[in-house]
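*Asks:* Pasted the sequence and its predicted model underneath.
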Amino acid sequence: MRLTILGGGGFRVPLVYRALLDDHGKGRVTHVTLYDLDASRIEAIARVLAEQAAGMADAPEVSVTTDLAEALRGTDFVFSAIRVGGLAGRAVDERVALEEGVPGQETVGAGGIAYGLRTVPVAMDLARRIAELAPEAWVINFTNPAGMVTEAMSAYLGDRVIGICDSPVGLGRRVAGALGVDPATVWLDYAGINHLGWLRGIRVEGRDLLPELLRDDAALTSFEEGKLFGAEWLRTLGCVPNEYLHFYYFSREAVAASRAAAQTRGAQLIEQQQRFYAHANGSALQAWDSARLERETTYLSDIREAAGAGERAGADLESGGYEQVALALMRAIALDERTTLILNVRSRGTIDGLDPEAVVEVPCFVSANGARPLSVDPLPGHALGLMASVKAVEQAVIEAATTGSRAAALRAFAIHPLVGSVVVARRLLERYERELPQLGYLRGRN
């Protein structure tokens, strides 16, 4: 089986390859093609992969290319993990938003809109090329904002593009740990859109253990989301939100914490990764792993500090998130190893009140026929209302990227619940246009 990784010079590619190295089953991936526009980055990552594979006779072969047609030729699966504008673009997304007094996280609020505006046109062009050059391939989208990008790519790829994220599985693992049960034995009642979802139940043999967790202060505050949101708020909600909902429920505190931080997350990652990509001597794998550990240790550090959540648990610093979801998804489709995973797919009416073509994040049954969303219980009004508002923002971004409409881009900023002002929305769009050349396609278009 052949796998192509778009954005093959990306920092997290070795996590995917490590998961492939651990897979010795029938029908495993035997060849990986790394595609990237930056030859020096894919060469650096290829050195890490070579060290990972050292001494393993059955390690998947790795090739690198900057030619998209070559990368897609004959592939069975495509992992999309691109970052348009690089980390420098992310740093702009975050800085401009914070200077205007709104959250600047890369997938949330104004920062997520700016990221989407420059990413969606490129992702849609890639989807079109994949449909032309590798029409039988399945596309697994890692590219953020994951739900928005997956929805945009589905215009060309239909149900053959599936988005993944490690946030739901990480949340489920932590909640299961707090309850003292094996994560592999639980059913997660989770629903929402990417980075905006809620765990409403955790079932073992049909019994929901979440009410028990909500009554136990010690257990409830023993894991990251409990520390971020606090036991009282989780009991008020009656569920456990995805960690990114901290930017909505504690918006002012999140902005204050980010402004007080010495660096934005994007600027921090630029420094961390520059040390790795500039590494010329010694072990590339050791340099990468050191940078990876630093990256994981500092994840959401500003809001964790503001919430008094302390350092991340050791278990959260290890891999086993999105790359394991990707591997399970790929094997389920290629080998009909039927399973259930939380994925980003078109709703098809799964969540009432949303466009059936809208991409949502819900449990899905996966087989050789792809991923089919499973029925979920109706969301409470507060959750459905927030999700519908943010989904409207995502669809306005897709409209802007598809038509070049500056009005649609402005609407995306203005209607986002974390912006809250048409005046601020105008300033945000004008500033992003000045600082992000990738948004040039919006100028002069209404």
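*Replies:* Yep, that arrived.

*Asks:* Phi first, then psi, for E357.
*Replies:* phi -90, psi -10 (degrees, to the nearest 10).

*Asks:* What are the buried residues along the helix or strand that contains S40?
*Replies:* Secondary structure from DSSP states H and E places S40 in helix 39-53. Using 16 or more other CB atoms under 10 Å as the test for burial, helix 39-53 gives R41, I42, A44, I45, A46, R47, V48, L49, E51, Q52, A53. Backbone N, C-alpha and C define where each C-beta goes, glycine included.

*Asks:* Pull the helix or strand encompassing Q286 out as CSV, backbone CA atoms only.
*Replies:* Element membership of Q286 [criterion: DSSP H and E] is helix 284-297. The C-alpha trace of helix 284-297 is given here as CSV (Å, rounded to 0.1, in the frame of the first residue of the first chain):
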residue,chain,number,x,y,z
ALA,A,284,18.5,14.2,13.4
LEU,A,285,16.1,12.0,15.3
GLN,A,286,17.5,13.1,18.7
ALA,A,287,17.2,16.8,17.7
TRP,A,288,13.6,16.2,16.4
ASP,A,289,12.5,14.3,19.6
SER,A,290,13.9,17.1,21.8
ALA,A,291,12.0,19.7,19.9
ARG,A,292,8.9,17.5,19.9
LEU,A,293,9.0,17.2,23.7
GLU,A,294,9.5,20.9,24.1
ARG,A,295,6.5,21.5,21.8
GLU,A,296,4.2,19.2,23.7
THR,A,297,5.3,20.5,27.1
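
*Asks:* Report all helices and strands that that helix contacts.
*Replies:* helix 13-21, helix 39-53, helix 265-277 (3 or more CB pairs under 8 Å, 6 or more residues apart in numbering; DSSP states H and E).

*Asks:* Surely L429 is in contact with A408?
*Replies:* No. With contact defined as CB atoms under 8 Å, L429 does not reach A408; the gap is 10.8 Å.

*Asks:* which of those two has more neighbours?
*Replies:* L429 (24 against 21; other CB atoms under 10 Å).

*Asks:* can you pull the buried residues of the helix or strand hosting the more buried one?
*Replies:* In this assignment (DSSP H and E), L429 forms part of helix 422-435. Under the neighbour-count criterion of 16+ other CB under 10 Å, helix 422-435 has V424, A425, L428, L429, R431, Y432, E433, E435 buried.

*Asks:* Show the subsequent helix or strand relative to the worst-scoring helix or strand of the chain on mean pLDDT.
*Replies:* Least confident element among the helices and strands of the chain, by mean pLDDT, DSSP states H and E: helix 301-307 (a mean of 71). Toward the C-terminus, helix 301-307 is succeeded by helix 322-335 as the next helix or strand (DSSP H and E).

*Asks:* For that next one, enumerate the helices and strands it packs against.
*Replies:* helix 13-21, strand 77-80, strand 138-141, helix 167-179, strand 339-346, strand 359-367.

*Asks:* Now do it: everything it contacts.
*Replies:* Outside helix 322-335, the residues that touch it by CB atoms under 8 Å, 6 or more residues apart in numbering are 1, 3, 12, 15-16, 18-20, 23, 25-27, 29, 76-77, 79, 138, 140, 142, 162, 164-166, 169, 337-339, 341-343, 366-368, 370-371.

*Asks:* Kindly recompute the last result at 6 Å.
*Replies:* Around helix 322-335, the neighbours that count as contacts under CB atoms under 6 Å, 6 or more residues apart in numbering are 1, 15-16, 19, 27, 77, 138, 140, 164, 166, 169, 337, 339, 341, 366.

*Asks:* quick one: F276 and S290 touch, right?
*Replies:* No. Using CB atoms under 6 Å, F276 makes no contact with S290, being 7.9 Å away.

*Asks:* more neighbours, these two?
*Replies:* Taking neighbours as other CB under 10 Å, F276 and S290 compare with F276 leading, 20 against 15.

*Asks:* Could you measure from that one over to E323?
*Replies:* Applying CB to CB, to the nearest Å, the value for F276 to E323 is 18 Å.

*Asks:* circling back to that earlier point, let me know which of the helices and strands packed on helix 322-335 is tucked in deepest.
*Replies:* Ranked by mean neighbour count, these are led by strand 138-141 with a mean of 26 (mean count of other CB atoms under 10 Å).
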